[in-house]
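Undergrad: what shape does this take:
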Amino acid sequence: MPEPRDYVVISPCRNEAAYMQRTLDSVVAQSVRPKLWVIVDDGSTDETAEILAEHTAVHDWITVIQKPDRGHRAVGPGVIEAFYAGLNTIDLSRFPYLCKLDLDLELPFEYFEHLIARMEANPRLGTCSGKPYIRHGGRYISEKCGDEMSVGMTKFYRTACFTQIGGFVREVMWDAIDCHKARQLGWVARSWDDPEIRFEHLRPMGSSQTGVFTGRRRHGFGQYYMGSDPLYFLATAAYRMAHPPYVIGGIGMIAGYLGAWLGRAPQHGDAELRAFIRAYQRRALRVGKARAITEIEAARASAFAPGVA
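TA: Next up is the predicted model:
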């Protein structure tokens, strides 16, 4: 029988030798360690495999799955494909909690203990995280993630919530769509900027193997795919212009959104969810995100039915 605090971590990775040692060390040092950690090596060509082998030789709760080299780093759908390669090897019913964790982070040593405690205190809390910070010029800078989302690089889930929302979509913006779907079903999604759960992101969020502009353009495409309201999207792009990378980040987002719109790219197939997202965004433009989320969580409380498919 699983223990109440048992959790499994699944980490897709590719060529993370420059960062992963700090992630590995910080997870091994956790005050409440994972029951199982499945790391999917998605065709690494650097020293990733050798570093992982050193850890699996010492820690029997860490396992590694090797995938063939596809020839390039694939963010978005590729990351989720690798995540599911790991998930499909386990019996998820053995674990009350699940975390998708990237290998370019350094976590505080009580990180998971604090997240579990918050879930134990709130039965509707379905997914949560701390806040990412990057080191820039000798100081830490927040990556400015909204409180209404758990962040994609460390998504901690109650298994019942993850199962009910149908898991992650295999497309860009998977890490926002999941939170919106959870909220639609009556769950709460959250991240907090509390010192005990802040963590360092060793690779800037929204970057890409071909540059930050490409990463931001990909984000804009994803916003279109998710069905975001155009006015709300423009407001978020303008907000991003005021944060690193200054101006160019917001321009990249707009370029991605317009390119998808002009090219009539397909959107997420759940039309009801797209309408739910747009209604929230339009309300947020009028009253602010915090109030809009509070209203939605109160309105959707009656929809909360954990265990219902």
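
Undergrad: show the contacting residues for the closest residue to M149 other than its chain neighbours.
TA: Nearest in space to M149, with sequence neighbours left out and distances taken as C-beta to C-beta, 6 or more residues apart in numbering, is C179 at 4.7 Å. (Glycine included, C-beta is placed from N, CA and C.) With contacts defined as C-beta atoms under 8 Å, 6 or more residues apart in numbering, C179 is in contact with T127, E148, M149, S150, A189.

Undergrad: can you add neighbour count and give those residues back as JSON lines?
TA: Shown next, in JSON lines, are the contacts of C179 (neighbours: other C-beta atoms under 10 Å):
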{"residue": "T127", "neighbour count": "29"}
{"residue": "E148", "neighbour count": "22"}
{"residue": "M149", "neighbour count": "22"}
{"residue": "S150", "neighbour count": "27"}
{"residue": "A189", "neighbour count": "27"}
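
Undergrad: so which of these are in strands?
TA: Using DSSP state E, T127, A189 are the members of the contacts of C179 that sit in strands.

Undergrad: quick one: which of the contacts of C179 is nearest to M173?
TA: The closest of those to M173 turns out to be M149 (C-beta to C-beta; 11.0 Å).

Undergrad: relative to I277, how far out is that closest one?
TA: Separation of M149 from I277 (C-beta to C-beta, to the nearest Å): 12 Å.

Undergrad: equivalent analysis for I165, please.
TA: Separation of I165 from I277 (C-beta to C-beta): 14 Å.

Undergrad: swap in D102?
TA: D102 sits 24 Å away from I277, going by C-beta to C-beta.

Undergrad: out of these two, which sits in the busier spot?
TA: Per other C-beta atoms under 10 Å, whichever of D102 and I277 has more neighbours is I277, with 25 against 22.

Undergrad: doesn't the more buried one lie inside a helix?
TA: Yes. Assigned with DSSP: H, G, I helix; E, B strand; the rest coil, I277 falls within a helix.

Undergrad: the residue nearest to M149 sits in which helix or strand?
TA: Here C179, judged by DSSP states H and E, is contained in helix 174-184.

Undergrad: and that helix, what's its mean pLDDT?
TA: Mean pLDDT, helix 174-184: 97.

Undergrad: and stretch 32-42, by the same measure?
TA: Average pLDDT, stretch 32-42: 97.

Undergrad: just the CA coordinates of that stretch, formatted as CSV?
TA: Presented in CSV, the C-alpha positions along stretch 32-42 are these (Å, rounded to 0.1, in the frame of the first residue of the first chain):
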residue,chain,number,x,y,z
VAL,A,32,11.0,14.1,1.9
ARG,A,33,12.6,12.2,-1.0
PRO,A,34,10.7,10.6,-3.9
LYS,A,35,9.7,7.0,-3.6
LEU,A,36,10.8,6.7,-7.2
TRP,A,37,12.6,8.9,-9.7
VAL,A,38,12.3,8.0,-13.4
ILE,A,39,14.7,9.9,-15.6
VAL,A,40,14.2,9.7,-19.4
ASP,A,41,17.4,10.4,-21.3
ASP,A,42,16.0,11.6,-24.6
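
Undergrad: does the residue nearest the centre of the chain sit in a helix, a strand or a coil?
TA: Central residue of the chain (C-alpha atoms, centre = their mean): G152, 1.3 Å from the mean position. Of the three states, G152 takes coil under three-state DSSP.

Undergrad: pretty sure it sits against D175.
TA: Yes. Under the criterion of C-beta atoms under 8 Å, G152 makes contact with D175 at 3.2 Å.

Undergrad: without its sequence neighbours, what residue ends up closest to Q184?
TA: Nearest to Q184 is F276, by C-beta to C-beta, 6+ apart, at 5.0 Å.

Undergrad: now, which of the contacts of C179 sits nearest G252?
TA: Nearest to G252, judged by C-beta to C-beta, of the contacts of C179 is M149 at 20.0 Å.

Undergrad: got the contact list for the closest one?
TA: Going by C-beta under 8 Å, 6+ apart, M149 touches D175, A176, C179, A189, S191.

Undergrad: now swap in A18 and tell me
TA: A18 makes contact with D46, according to C-beta under 8 Å, 6+ apart.

Undergrad: quick one, grab the pLDDT at it.
TA: 94.

Undergrad: that one in helix, strand or coil?
TA: Put simply, A18 is coil when judged by three-state DSSP.

Undergrad: unless I'm mixing things up, E171 is touching H268, no?
TA: Yes. Using C-beta under 8 Å, E171 makes contact with H268 at a distance of 7.2 Å.

Undergrad: among the two, which residue is more densely surrounded?
TA: Neighbours per residue, other C-beta under 10 Å: of E171 and H268, the larger number sits with H268, 20 against 17.

Undergrad: surely the more buried one meets F276?
TA: No. Using C-beta under 8 Å, H268 is not in contact with F276, being 11.2 Å away.
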